[in-house]
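J.: sequence? don't have it. structure:
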Ligand SMILES: Nc1ncnc2c1ncn2[C@@H]1O[C@H](COP(=O)(O)OP(=O)(O)OP(=O)(O)O)[C@@H](O)[C@H]1O
């Protein structure tokens, strides 16, 4: 069983929100659509759902879905704000999806509430639930009728950071436990990488790269994608016998020999002991390190990181070393 989209295009007036997009989602696979605000992620998801008129083709197992209305596609939908029915209790919300399919099964409702960690919440009014609990109910409601594809549009972004991280882990587990095939829209790469088997990075209505999270993170297709994935400094390098050499120094890096364009995330440059080559112009404490902006002699500002203990003050001169953990190889197959 497989979802396949080919040549999907959505215009709003003269604006192409989605341009000629192709992708597939395999049975039981979770694909994340990741990209900056306004790049067309939600529009693409809505086109797959049948909520947005689109050119191109959406098919399931080779069967064209054009002309098949939203409620007959067998897809489940979860949006950012849950959109629960306020006048129904938790069980009533979960049962709604089942009733739509002519099913009545208190057992299935209880099973779903247990799956999302809300065992015993059936009689609660949804207005009395926290934001995280409401999203779990929305997820249970969408999963109850066993959709062949679950479409999730920023399902966690209305929640605060720590809850989002926890729910992303929970969601990843329960999508796998239920063997759900899913398309998840998010602008948060940590969330995409937690949830997805594969990630499709979008920009300006197009998919720029599709791959497994670690591949996309390590080898972004181009500088725009790399920038979106946290790289802030770009330079040319050479790789020879497992050693990367660039203007900032050398580092061990297992990759084929040759010239490379690299992107450095802040963690790719570390404050170290040695001959100073840069002056600190800014610093910010993060939970387990200090982010440093440094003016590197002959280069200009670069982002780097320092250990919390002994982190340099603004104005002090520092040495920097390349750390392969923060290096992305751009456009390398
Ligand atoms: N109903 C609409 N009418 C006109 N333009 C629209 C409409 N919906 C979206 N757009 C435009 O289409 C583009 C893509 O929007 P979309 O909501 O798909 O992006 P997104 O990547 O999901 O962004 P966000 O993460 O901010 O929700 C944007 O330029 C947006 O302004």
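T.: In hand now; what should we look at? Model, not experiment: these values are computed from the prediction.

J.: element containing residue 155?
T.: Taking DSSP states H and E as the definition, residue 155 sits outside all helices and strands.

J.: From the structure, what's the count of residues near it?
T.: Residues within reach of residue 155, counting by other Cβ atoms under 10 Å, total 28. Bear in mind the C-beta positions are built from the backbone N, C-alpha and C, glycine included.

J.: how much space is there between it and residue 17?
T.: Relative to residue 17, residue 155 is positioned 21 Å away (Cβ to Cβ, to the nearest Å).

J.: same thing with residue 224?
T.: 18 Å.

J.: residues in this structure within reach of the ligand, list them.
T.: By the criterion of Cβ under 6 Å from any ligand atom, the positions of the chain lying close to the ligand are 12, 15, 17, 35, 37-43, 187.

J.: Now, these that are in helices?
T.: 41-43 (DSSP state H).

J.: Now do the same for the nearest residue to residue 213 once chain neighbours are set aside: its pLDDT.
T.: For residue 213, the nearest residue in space outside its immediate sequence neighbours is residue 193; the separation is 4.1 Å by Cβ to Cβ, 6 or more residues apart in numbering. Reading off the confidence values, residue 193 has pLDDT 93.

J.: Can you report how many residues lie near residue 193?
T.: What residue 193 shows, counting by other Cβ under 10 Å, is a neighbour count of 20.

J.: Can you name the residues in contact with the strand or helix carrying it?
T.: Using DSSP H and E, residue 193 sits in helix 189-195. Contact with helix 189-195 is made by 30, 32, 34, 156, 164-165, 168-169, 171-172, 175, 184, 186, 199, 213, 217, 228-230, as judged by Cβ atoms under 8 Å, 6 or more residues apart in numbering.

J.: Can I get the buried part of the residues you listed as one ChimeraX selection?
T.: Buried residues among the contacts of helix 189-195 (16 or more other Cβ atoms under 10 Å), as a ChimeraX selection:
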select :30,32,34,156,164,165,168,171,172,175,184,186,199,213,217,228,229,230
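
J.: Compare residue 224 and residue 17 (neighbour count), which wins?
T.: Neighbour totals were compared for residue 224 and residue 17, and residue 17 leads with 22 against 15 (other Cβ under 10 Å).
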